[in-house]
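*Asks:* fold the following, please.
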Amino acid sequence: MLIDLGGQWQVNLVENGSAIASSDPTCRNISLQLSYLPPIRVALFLPNTYPLEDHAKVVTAHAAHSWLNQTTLRAAVQQIIDDHPEGVIWPLFEHVRDGTVLSTLQLDSPSSSRTLNLPHSTPHLLAPHLLSHNTLAANLSFASTSFDCPICLSTVKGSHCIRIANCGHVACRDCLGRFWTMSIQTGEVEKVGCVDEECVKRAAKADDFIWSGVGEEEVRNVVGEMMLKRWQTLREKRMIERDPTIVRCPIELCQAPVPRPTAVVEQDAENEDEWNRLRVCPSCNFSFCLACRRTWHGPITPCKIVAVDQFLKAYILAEPNSAERLRLERQYGKRQILKLVAAHEEAKANNAWLKQNTMACPGCRINVEKTMGCNHMKCGRCAMHFCYQCGVKLNAANPYSHYSMKNTPCFGNLFNVDPDEAEWQPMEGFELI
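*Replies:* Model prediction:
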């Protein structure tokens, strides 16, 4: 006889009669939420004079998975027999089916409603059996119950329906399968959810279009594996399109969408934007920088400007207060972009000055500035001889032959003398006489 508790109860599996319960499965005492308990099997002997002269006698009393002590259960059944001398078969069945027998056993908690305390020697071994039986019994009850489908408005047995776990609403499996399949094929992934009127209205008002109340396993059970993959792909694409803070993992073999972290490390105002650049891929756990897409380098170390050159150029070319600039500022952080723009402008000015005022050594590419003297240079780092005017490598044995070659730009230009600078200029502090 299956025990239906008539709703969800808190069942505390208590070791050695302890009154302490915990939801942690590693603890000795475990708390579960159950609506059904495993069946109790009772064998009775009915004398020929039953029920007029003699009562029924208990032959055996046993609870499946031994979730009740056999001696205690036998005593409870005997008490029910004694309380119903006129006939005990039906009263005993009802006492067990609706869980009244638990009150007889004094297992319900007097201090709180809908709570049972079950003493057991090994709660951690009993808990999986109770959960498994509760799921099986709930599925059997659902399959034998009739429901009204909100799509076809027909009354359908639960065995041909599906219940949405998040909200508990029920729909015909065939109708829901066709509706979800059509929605996925047309790209309307926001419609893959509960079709009950209440949930449809709630989804329409939700700021997050992803809110649908269904999980991947539910979608797989209704539309199959192929449609599930398309649903996942479209869902990820729509997430990235609608939320600029979501980026793809830079690992080529992963490419999973990475959302903005819900919690940020404790930080001061100076480093706030820097910490917001941290992203951790939920698929491969790769930690990277949002701006440069490289391995996370901390809030202090700046990004390499080469890595951010693409989006930085797009930001600079965009008009002030334009939609493109606002999009980039939301995605990468306005303060961070302004710092990168300043660094870019500074690097650009430095490169322009180096190009105009220095010459790169052809050996080690270090920039060399000449303040005075001839154009024959010797690098202080790699000791290479080169021409400061054209930048070519010179023969170390005879470097000055380069300036004797006719029909070349450097012919006769060992010294670059500006005629204006060659004239004598009076020095400050001296007076011409």
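*Asks:* secondary structure class for the residue nearest to residue 303 when sequence neighbours are not counted?
*Replies:* Sequence neighbours aside, residue 292 is the residue nearest to residue 303 in space, at 3.8 Å (criterion: CB to CB, 6 or more residues apart in numbering). For every residue, glycine as well, the C-beta is placed using N, CA and C. When classified by DSSP: H, G, I helix; E, B strand; the rest coil, residue 292 comes out as coil.
*Asks:* in stretch 79-98, which residues are buried?
*Replies:* Within stretch 79-98, the residues that count as buried by 16 or more other CB atoms under 10 Å are 80, 81, 84, 88, 92, 95, 96.
*Asks:* on that earlier part again, count the residues that sit near the residue nearest to residue 303.
*Replies:* The number of residues packed near residue 292 is 21, by other CB atoms under 10 Å.
*Asks:* gap between it and residue 301?
*Replies:* 10 Å (CB to CB, to the nearest Å).
*Asks:* equivalent analysis for residue 387, please.
*Replies:* Distance from residue 387 to residue 301, by CB to CB: 39 Å.
*Asks:* which one of those two has more residues nearby?
*Replies:* The residue with more neighbours, out of residue 387 and residue 301, is residue 387; 22 against 10, by other CB under 10 Å.
*Asks:* quick check, pLDDT for that one.
*Replies:* Note for residue 387: predicted pLDDT of 92.
*Asks:* from what I can see it touches residue 395, true?
*Replies:* No: Residue 387 lies out of contact with residue 395 (CB atoms under 8 Å); the separation is 10.9 Å.
*Asks:* what's the overlap in contacts for these two?
*Replies:* residue 402 (CB atoms under 8 Å, 6 or more residues apart in numbering).
*Asks:* what's the following helix or strand after the helix or strand harbouring residue 41?
*Replies:* Residue 41 is part of strand 40-45, with elements assigned from DSSP states H and E. Under the assignment DSSP H and E, the closest C-terminal helix or strand after strand 40-45 is strand 57-63.
*Asks:* so what's the residue count around residue 323?
*Replies:* Applying other CB under 10 Å, I find that residue 323 has 9 neighbouring residues.
*Asks:* just the CA coordinates for the longest helix seen in the chain, please, in PDB.
*Replies:* Among the segments of the chain that qualify as a helix by DSSP state H, the longest is helix 334-357. Output in PDB follows, covering the C-alpha atoms of helix 334-357 (Å, rounded to 0.1, in the frame of the first residue of the first chain):
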ATOM      1  CA  LYS A 334      34.100  53.800 -21.000                       C
ATOM      2  CA  ARG A 335      36.900  54.500 -18.600                       C
ATOM      3  CA  GLN A 336      39.000  51.700 -19.900                       C
ATOM      4  CA  ILE A 337      38.500  52.800 -23.500                       C
ATOM      5  CA  LEU A 338      39.500  56.400 -22.700                       C
ATOM      6  CA  LYS A 339      42.700  55.200 -21.100                       C
ATOM      7  CA  LEU A 340      43.500  53.100 -24.100                       C
ATOM      8  CA  VAL A 341      42.700  56.000 -26.400                       C
ATOM      9  CA  ALA A 342      45.100  58.200 -24.400                       C
ATOM     10  CA  ALA A 343      47.800  55.500 -24.600                       C
ATOM     11  CA  HIS A 344      47.200  55.100 -28.300                       C
ATOM     12  CA  GLU A 345      47.500  58.800 -28.900                       C
ATOM     13  CA  GLU A 346      50.700  59.000 -26.800                       C
ATOM     14  CA  ALA A 347      52.200  56.000 -28.700                       C
ATOM     15  CA  LYS A 348      51.200  57.600 -32.000                       C
ATOM     16  CA  ALA A 349      53.000  60.900 -31.000                       C
ATOM     17  CA  ASN A 350      56.000  59.000 -29.800                       C
ATOM     18  CA  ASN A 351      56.300  57.000 -33.000                       C
ATOM     19  CA  ALA A 352      56.000  60.200 -35.100                       C
ATOM     20  CA  TRP A 353      58.700  61.900 -33.100                       C
ATOM     21  CA  LEU A 354      61.000  58.800 -33.300                       C
ATOM     22  CA  LYS A 355      60.400  58.700 -37.100                       C
ATOM     23  CA  GLN A 356      61.300  62.300 -37.500                       C
ATOM     24  CA  ASN A 357      64.200  62.600 -35.100                       C
END
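*Asks:* starting at the chain centroid, how far to that helix?
*Replies:* Offset of helix 334-357 from its chain centre (CA atoms, centre = their mean, to the nearest Å): 37 Å.
*Asks:* just checking, next helix/strand downstream of it?
*Replies:* strand 359-360.
*Asks:* starting at the chain centroid, how far to that following strand?
*Replies:* 51 Å.
*Asks:* could you name the helices and strands sitting against that strand?
*Replies:* strand 367-368 (3 or more CB pairs under 8 Å, 6 or more residues apart in numbering; DSSP states H and E).
*Asks:* not counting its own residues, what contacts the strand it packs on?
*Replies:* Under CB under 8 Å, 6+ apart, the answer for strand 367-368 is 354, 358, 359, 360, 361, 377, 379, 380, 388.
*Asks:* what's the farthest-apart pair in those residues?
*Replies:* 354 and 380 (16.5 Å; CB to CB).
*Asks:* in terms of neighbours, single out the busier of the two.
*Replies:* The residue with more neighbours, out of residue 354 and residue 380, is residue 354; 13 against 10, by other CB under 10 Å.
*Asks:* which residues sit in contact with that one?
*Replies:* Counted by CB under 8 Å, 6+ apart, residue 354 has contacts residue 367.
*Asks:* and it, how far from residue 381?
*Replies:* From residue 354 to residue 381 the distance is 16 Å (CB to CB).
*Asks:* for residue 332, same thing?
*Replies:* 37 Å.
*Asks:* the two: which has the busier surroundings?
*Replies:* residue 332 (23 against 11).
*Asks:* and the helices in the stretch 51-200 of the chain, which stretches?
*Replies:* Per DSSP state H, counting those that start in this stretch, the stretch 51-200 of the chain carries helices over the ranges 70-83, 89-97, 100-104, 123-143, 173-185, 197-205.
*Asks:* ok, residue 297 touching residue 303?
*Replies:* Yes: counting by CB under 8 Å, residue 297 touches residue 303, with 7.4 Å between them.
*Asks:* neighbour count winner among these two?
*Replies:* Legend: neighbour count by other CB under 10 Å for residue 297 and residue 303, higher for residue 303 (20 against 16).
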